[in-house]
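>>> how does the following fold in three dimensions:
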Amino acid sequence: MAKRRRDSKGRVLKKGEQELANGTYRYDYIMKNGKRCFKYAKTLEDLRQKEEDIVSSHAYGIRPDADSVLLNNLADIWFALKKGLKDNTFQNYKYMYDSFIRYDFGKYKVKGIRYSDVLSFYNRLIYERGLKENTIEVIQNILHQVLDLAVQDNYLRTNPSDNALKHFKQASNFDTEKKRALTREEQDIFMNYISRNGKYHHWYPIFYIMLNTGMRVGEITGLRWEDVDLDGEFISINHTLVYYKHKENGCYFNIHTPKTKAGVRTIPILNGVKEAFIQEEHYQREAEIECTVTIDGYTNFVFVNRFGNVHNQGTLNKAIRRITRDCNEEIIAKSKGKANVTLLPRFSCHSLRHTFATRLCESGVNIKVIQDVLGHADFNTTMNVYAEATKDLKQREFKEFDRYLNDSGDEKE
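Take a look at the predicted model:
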């Protein structure tokens with residue numbers, strides 16, 4: 001009887017397994033075409049996991065060499081075989097692939113691409129590169145066809161991009177052009193992520209206050225500590241900060257009075273808003289940050305960056321995009337490929353003001369109070385917000401009413 005081979009730890013080695021002189025392991029196997037292949041691993045456990053993958057791939061007809069094939073390799077084959085397209089369409093496809101896929105997703109190994117990887121890729125394209133819906137649709141069209149080739153050539157069992165863009169749109173409200181206010185679920189996702197994320201936690205106070213006061217961007221960036229009465233629990237809105245960006249004069253700030261008389265107002269401070277102001281004060285004290293800028297005689301601004309200068313709309317919107325991108329990445333990673341997940345949509349600073357107005361309408365606050373708090377000069381502006389905000393609420397209420405009528409009918413019987 002042949003003596004069984006063992007490694008340096010006395011473990012029996014299976015057929016094809018070998019311990020190398022440096023203590024690592026190798027597995028030798030033969031492909032269907034007669035080509036000899038090797039797999040390497042630092043430990044015997046890792047090697048055997050790779051062996052199981054090879055056996056599994058063989059059972060499903062997946063090519064053993066799939067581990068070494070990149071998406072770019074298959075894309076090059078697809079472009080070489082693609083016929084029947086007009087030349088300008090073909091060149092546009094090549095341009096789109098080279099510009100947005102080749103140096104990012106194209107470097108992924110085909111066998112390892114998952115549904116969640118495709119969602120994450122689209123998330124990066126939207127929030128890092130700022131691509132629009134039409135561009136993403138072209139990219140999906142190309143990517144899906146390349147991955148179809150991977151399925152046909154037995155590199156993959158199924159196409160991981162199937163319905164990916166459709167589900168991404170649904171999850172993030174990507175294709176809802178008129179959507180400006182966040183839903184309650186989206187609002188909670190956004191604020192909860194900031195509150196527990198150390199990288200973005202310093203943004204929590206300003207975004208929380210915007211979501212719970214409805215202040216315009218220029219009003220909150222120009223807010224001074226003397227405009228905030230934490231004891232009396234109100235905020236005085238009496239000026240606005242305007243940011244200019246001109247080719248000739250460069251970038252600069254000015255202080256303006258509110259554009260209408262209605263813009264001069266006081267906003268009650270909710271408990272959470274009060275805590276956010278205190279949190280901002282503590283953060284600046286600990287970080288040794290203080291306001292260093294004076295604009296048209298105004299200084300002591302509440303929200304300043306690490307250099308002591310005021311924020312502008314572009315800075316805040318950029319922060320929102322980064323937070324949204326990373327938050328969606330986390331949601332996608334945790335979803336493990338599930339289609340029914342809620343992602344944050346694209347939104348801006350103004351969306352936070354609109355969201356506050358929507359929450360007020362949903363909670364039944366008097367419409368004149370809403371107009372006063374928001375500083376709307378025209379009552380119709382407030383009514384438009386009210387009509388939009390209560391549309392979904394009315395649908396939910398009528399469903400409850402319908403359920404009540406049905407239940408009452410059942411009781412009479």
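
>>> what about residue 349, neighbour count?
23 (other Cβ atoms under 10 Å). No exception for glycine: its C-beta is placed from N, CA and C like everyone else's.

>>> and residue 254, what's its pLDDT?
For residue 254, the pLDDT comes out at 89.

>>> check residue 202 too.
96.

>>> was I right to think it contacts residue 283?
Yes: at 6.0 Å, residue 202 counts as touching residue 283 under the criterion of Cβ atoms under 8 Å.

>>> these two: who's more crowded?
Neighbours were counted for residue 202 and for residue 283 using other Cβ under 10 Å; residue 202 has more, 18 against 14.

>>> roughly how far does the more buried one sit from residue 195?
Separation of residue 202 from residue 195 (Cβ to Cβ, to the nearest Å): 11 Å.

>>> enumerate every residue touching the residue nearest to residue 125 when sequence neighbours are not counted.
Of all residues not flanking residue 125 in the chain, residue 131 sits nearest, at 4.7 Å (Cβ to Cβ, 6 or more residues apart in numbering). The neighbours of residue 131, taking Cβ atoms under 8 Å, 6 or more residues apart in numbering as the test, are 100, 125, 139.

>>> next, count neighbours for the first one.
It refers to residue 100. By the criterion of other Cβ under 10 Å, residue 100 has 22 neighbours.

>>> contact partners for it?
125, 129, 131, 135, 139.

>>> what's the distance between it and residue 386?
41 Å.

>>> could you list the domains of the protein?
Listed domain ranges for the chain are 17-59, 71-172, 188-334, 349-412 (source: automatic domain parsing).

>>> okay, these in JSON lines with distance to residue 10 next?
Output for the domains of the chain, formatted as JSON lines (distance: least, Cβ to Cβ, whole Å):
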{"stretch": "domain 17-59", "distance to residue 10": "11"}
{"stretch": "domain 71-172", "distance to residue 10": "34"}
{"stretch": "domain 188-334", "distance to residue 10": "40"}
{"stretch": "domain 349-412", "distance to residue 10": "65"}
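
>>> between those, which one is nearest to residue 343?
domain 71-172 (3.8 Å; Cβ to Cβ).

>>> what about the closest one, distance to the chain center?
Centroid separation for domain 71-172 versus its chain: 19 Å, with Cα atoms, centre = their mean, to the nearest Å.

>>> likewise stretch 197-214?
The answer for stretch 197-214 is 17 Å, by Cα atoms, centre = their mean.

>>> how about the strands in the stretch 101-250 of the chain?
228-229, 234-237, 240-246, 250-256 (DSSP state E, counting those that start in this stretch).

>>> give me the residues contacting the shortest one.
Outside of strand 228-229, the residues within contact range by Cβ under 8 Å, 6+ apart are 235, 236, 269, 277, 302.

>>> and those, which are buried?
Buried subset of these (neighbour count, 16 or more other Cβ atoms under 10 Å): 235, 236, 269, 277, 302.

>>> what about the helices in the stretch 151-300 of the chain?
Taking DSSP state H, counting those that start in this stretch as the test, the helices found in the stretch 151-300 of the chain are 164-172, 184-196, 204-213, 217-221, 271-286.

>>> low-confidence regions, the stretch 251-400 of the chain specifically.
259, 337, 339, 389-393, 396 (pLDDT under 70).

>>> quick one, strands of it?
For the stretch 251-400 of the chain, the strands defined by DSSP E, counting those that start in this stretch occupy 265-268.

>>> now the helix or strand harbouring residue 29: buried residues?
For residue 29, the host element (DSSP states H and E) is strand 25-30. Under the neighbour-count criterion of 16+ other Cβ under 10 Å, strand 25-30 has 25, 27, 29 buried.

>>> quick one on the thing from earlier: in a markdown table, list the buried ones among the contacts of strand 228-229 along with distance to residue 14.
Shown next, in a markdown table, are the buried ones among the contacts of strand 228-229 (distance: Cβ to Cβ, whole Å):
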| residue | distance to residue 14 |
| --- | --- |
| 235 | 72 |
| 236 | 78 |
| 269 | 70 |
| 277 | 66 |
| 302 | 68 |
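
>>> re earlier: minimum distance to residue 346: which of the strands of the stretch 101-250 of the chain has it?
strand 240-246 (21.4 Å).

>>> please enumerate the helices of the stretch 1-150 of the chain.
Going by DSSP H, counting those that start in this stretch, the stretch 1-150 of the chain shows helices at 44-59, 71-81, 87-100, 115-127, 133-152.

>>> for those helices, which one ends up most surrounded?
Greatest average neighbour count among the helices of the stretch 1-150 of the chain goes to helix 115-127 (a mean of 22), per mean count of other Cβ atoms under 10 Å.

>>> who's in contact with that one?
Contacts for helix 115-127 (Cβ under 8 Å, 6+ apart): 100, 104-105, 108, 131, 135-136, 139-140, 143, 160-162, 164-165, 167-168, 174, 321-322, 324-325, 328-329, 332-333, 335-337, 343, 346.

>>> now the angle between helix 133-152 and it, please.
160 degrees (axes from the mean of the first three to the mean of the last three Cα atoms, to 10 degrees).

>>> for helix 115-127, output the C-alpha coordinates as PDB.
Extracted C-alpha coordinates of helix 115-127, given in PDB (Å, rounded to 0.1, in the frame of the first residue of the first chain):
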ATOM      1  CA  TYR A 115     -25.200  42.100  -8.400                       C
ATOM      2  CA  SER A 116     -24.200  44.400  -5.500                       C
ATOM      3  CA  ASP A 117     -21.000  45.200  -7.300                       C
ATOM      4  CA  VAL A 118     -23.000  46.500 -10.300                       C
ATOM      5  CA  LEU A 119     -25.200  48.600  -8.000                       C
ATOM      6  CA  SER A 120     -22.100  50.000  -6.200                       C
ATOM      7  CA  PHE A 121     -20.600  50.900  -9.600                       C
ATOM      8  CA  TYR A 122     -23.700  52.900 -10.600                       C
ATOM      9  CA  ASN A 123     -23.700  54.600  -7.200                       C
ATOM     10  CA  ARG A 124     -20.100  55.800  -7.900                       C
ATOM     11  CA  LEU A 125     -20.900  56.900 -11.400                       C
ATOM     12  CA  ILE A 126     -23.700  59.100 -10.100                       C
ATOM     13  CA  TYR A 127     -22.300  60.500  -6.900                       C
END
